[in-house]
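K.L.:
Sequence and computational prediction follow.
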Amino acid sequence: MQPAALARRAFTLVEMVVVIAIAGIALAIVGPALILAPRAHGLETIIAGARRAALRRSEAVSLIVGPDGQWRMVAARSGATVLSGAGAGPAPLKIDVSPLGLCTIGGESDAGRMAIDPFTCALDDSASVSR
């Protein structure tokens, strides 16, 4: 067997580096979409996602839960829907998240039995909100 024939069957170091670089670029593009995929584990998780979206976008975001449990996050400046899904908790509900991550329950919500901690965005179902 000739030495040139053996060298042709193996990968070179340059080819391996190119393949690893392409895989790294693909992972850098697709990775954040896989990590930040919305999950409908409950209202707490959805509120946490709205807070992350507001902080990441540096703009206010409103979380709107409809009577049927469908929810959507709407950016305040553009009015564009950031994320949406189904399976949220009590309805209807509107939570406004500031660009600094502070949460408040919106005025048009039917959340008379709910309070929210503005700093952690944690819900307190036992407290009642005075109107």
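P.N.:
Happy to help now that I have it. Numbering: from 1, shown residues only.
K.L.:
Strands of this protein, start to end?
P.N.:
61-65, 71-75, 81-85, 93-97, 103-105, 115-116, 123-124 (DSSP state E).
K.L.:
Tell me which of those strands lies nearest to L13.
P.N.:
Proximity to L13, assessed across the strands of the chain by CB to CB, is greatest for strand 81-85 (43.3 Å). Every C-beta, even on glycine, is put in place using the N, C-alpha and C of the backbone.
K.L.:
Walk me through which strands that closest one pairs with, and which way each runs.
P.N.:
With DSSP bridges as the test, strand 81-85 is paired with strand 71-75 (antiparallel).
K.L.:
State the distance from A60 to V97.
P.N.:
Separation of A60 from V97 (CB to CB, to the nearest Å): 7 Å.
K.L.:
between these two, which one's more packed in?
P.N.:
Between A60 and V97, counting by other CB atoms under 10 Å, V97 is the more crowded of the two (26 against 16).
K.L.:
Run through the residues that contact the closest residue to that one other than its chain neighbours.
P.N.:
Nearest non-adjacent residue to V97, counting by CB to CB, 6 or more residues apart in numbering: A54, 4.2 Å away. Going by CB atoms under 8 Å, 6 or more residues apart in numbering, A54 touches 60-61, 97-99, 101.
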